[in-house]
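Model the following, please.
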Amino acid sequence: LVVIALPISLLAIAVPTYRWLYVEPRVSGPCRGICEISHELMANSSAHCKPLDAEKLFFLHIPKTGGTTMKSLLKAVKPMKGWEMVEVNEWRDAVPQGVVWLPPSMIGRVAAKDYERMYREYLEALGNFRASHRQLLFGHTFFDPSVGKARSEEAGPDSIPQTSAKRIAFATVLRNPIHRLASQYDFDRTQAKSKVYQEDVRRSRGVLSFLDCARNETCRSANEFSFWCNLQTRYFCGFGADCDTGAAGGPTEKMLMKAKDNMETSFQFVGILEDWETTVGLVEELFPTFAEGISAALRDGGEKNCGRSWWLGSKKDCSHVKNRNERRDRSVEKEAGGDLLLDLRKQCWADLELYAFAKKKFEERAGECRERK
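The predicted structure follows:
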């Protein structure tokens with residue numbers, strides 16, 4: 001009896017302890033601070049800085065654009081705001097080490113178009129699920145306009161979905177495309193989520209530095225520069241025939257046009273990594289029911305404590321992320337030289353145009369918000 005009872009008793013103690021230490025609760029508690037968008041708050045905000053009262057905030061995490069740091073900041077205020085973090089399964093083409101979310105026995109048996117349909121149904125279900133609390137959806141996935149569009153209960157099965165302004169808001173952050181590509185190139189070889197993947201990248205795609213690879217046509221092709229340097233355009237374009245890559249694996253004019261249209265019509269906020277403090281400030285101002293307090297979390301310790309874990313108040317140092325990015329970005333511009341930069345701009349043409357388009361809108365919005373204050 002003792003032999004049976006002792007392991008059960010230890011397990012009964014160990015499981016709650018493990019959950020207390022490592023498993024983040026779905027909802028930390030009731031919301032404090034700004035929990036609803038009042039008429040007074042709306043009246044005191046300018047047209048382009050009005051806070052948004054969304055049930056869900058869907059943050060598309062484009063690789064190497066500050067998304068991990070943004071998540072840390074948001075999780076730092078989560079205990080006060082009382083929302084739930086929903087980690088979205090990554091789309092296979094949205095990250096270099098993307099996986100297919102199918103049982104091993106089904107991989108290879110499900111056609112690509114069927115898997116895309118299944119994945120989009122999963123996204124739609126996330127957007128349409130009605131929770132009793134606010135939800136932050138966060139992940140590496142392309143934009144899908146069907147997310148957050150619910151059919152009217154009174155309408156028939158063939159009715160056109162109608163979007164509710166209070167249901168879901170979309171946000172993300174962009175980065176200079178050449179700098180983003182350089183960061184991803186280094187990350188895949190030295191910091192990606194598994195050592196096996198890093199070794200596979202080094203073995204199959206080479207160990208040249210980013211700039212040496214950019215000078216070498218064979219290396220550029222092996223590392224699919226044209227595809228990955230225009231990844232931000234793919235994220236905004238989303239799914240469908242207009243978003244298919246061209247013959248060389250790069251972007252098309254149709255893809256860029258749809259990406260711009262989706263940005264203008266469906267995204268409530270697009271930040272710019274190169275102006276990080278303004279980006280964080282605008283996220284807090286536009287989404288206070290989710291992000292109230294993230295500017296203070298950013299300032300705490302001079303950016304040294306960009307996030308706190310939910311237990312024991314422990315702090316996470318993220319200052320190295322911003323510093324490393326700034327050093328790399330400066331070195332790319334300095335060492336590449338005119339001809340190589342010109343070649344890279346040709347490779348990254350769609351993302352560069354989308355980035356300039358988003359940056360202009362971002363700066364106009366930031367300027368108006370500053371004037372209002």
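
I'd like to check which residues are in contact with the closest residue to Gly250 other than its chain neighbours.
Using C-beta to C-beta, 6 or more residues apart in numbering and skipping residues adjacent in sequence, the residue nearest Gly250 is Ser226, 3.6 Å away. Bear in mind the C-beta positions are built from the backbone N, C-alpha and C, glycine included. Applying C-beta atoms under 8 Å, 6 or more residues apart in numbering to Ser226 gives the contacts Arg220, Ala248, Gly249, Gly250, Pro251, Gln347.

List the ones among the residues you listed that fall in strands.
Of those, none are assigned to strands by DSSP state E.

Minimum pLDDT in these, which residue is that?
When the contacts of Ser226 are compared on pLDDT, Ala248 comes out lowest, with 77.

What's the local residue count around it?
Other residues lying near Ala248 total 10 when counted by other C-beta atoms under 10 Å.

And it, how far from Ala241?
18 Å (C-beta to C-beta, to the nearest Å).

Which residue ranges of the stretch 201-350 of the chain form strands?
Assigned by DSSP state E, counting those that start in this stretch, the strands in the stretch 201-350 of the chain fall at 269-272, 307-308, 315-316.

And the ones you listed, which one averages the lowest pLDDT?
strand 307-308 (a mean of 43).

Let me see the backbone angles for the spatially closest residue to Val332 that is not a sequence neighbour.
Excluding its sequence neighbours, the residue lying closest to Val332 (C-beta to C-beta, 6+ apart) is Ala182, at 5.1 Å. Backbone geometry at Ala182, expressed as degrees, to the nearest 10, gives phi -60, psi -40.

Distance-wise, check Ala182 relative to Phe269.
25 Å.

ok, now Lys254?
Taking C-beta to C-beta, one finds Lys254 at 25 Å from Phe269.

the more surrounded of the two?
Phe269 (21 against 15).

re earlier: surely the residue nearest to Val332 and Phe210 touch.
Yes - with contact defined as C-beta atoms under 8 Å, Ala182 reaches Phe210; the gap is 4.6 Å.

between these two, what contacts are shared?
What both Ala182 and Phe210 touch, as defined by C-beta under 8 Å, 6+ apart, is the set Val332.

sorry, back to before: most neighbours among the contacts of Ser226, which one?
So for those (other C-beta under 10 Å), the most neighbours sit at Pro251, 28 neighbours.

For that residue, give me phi and psi.
The phi/psi pair for Pro251 (degrees, to the nearest 10) is phi -80, psi 170.

Spatially nearest residue to it (excluding sequence neighbours)?
Nearest to Pro251 is Ala350, by C-beta to C-beta, 6+ apart, at 3.7 Å.

What confidence value was assigned to the one you found?
With respect to pLDDT, Ala350 has a value of 98.

State the number of residues packed around it.
Ala350, neighbours per other C-beta under 10 Å, totals 25.

I figured it hits Phe236, correct?
No - the criterion here is C-beta under 8 Å, and Ala350 misses it with Phe236 at 10.1 Å.

Distance of Tyr185 relative to Ala336?
13 Å.

Same question for Val88.
Distance from Val88 to Ala336, by C-beta to C-beta: 35 Å.

for Cys49, same thing?
Note on Cys49: its distance to Ala336, by C-beta to C-beta, is 37 Å.

swap in Asp186?
Relative to Ala336, and taking C-beta to C-beta, Asp186 is found at 15 Å.

With neighbour numbers in mind, choose between these two.
Ala336 (19 against 15).

Quick check, central residue of this structure?
His61 (1.0 Å; C-alpha atoms, centre = their mean).

excluding its backbone neighbours, what's nearest that residue?
Gly67 (3.6 Å).

With adjacent residues omitted, what lies nearest to Ser146?
Glu124 (4.9 Å).

what about that neighbour, how many neighbours?
18.

tell me the secondary structure for it?
helix (DSSP: H, G, I helix; E, B strand; the rest coil).

ok, and for stretch 335-348, which residues are buried?
Of all the residues in stretch 335-348, those buried under the rule 16 or more other C-beta atoms under 10 Å are Ala336, Asp343, Leu344, Gln347, Cys348.

For my notes, confirm Leu57 occurs in a helix.
No - assigned with three-state DSSP, Leu57 falls outside any helix and is strand.

Please look at it and Gly127 and confirm they touch.
No - counting by C-beta under 8 Å, Leu57 does not reach Gly127; the two are 11.3 Å apart.

Compare the two (neighbour count), which wins?
Neighbours per residue (other C-beta under 10 Å) separate Leu57 from Gly127, with Leu57 holding more: 25 against 20.
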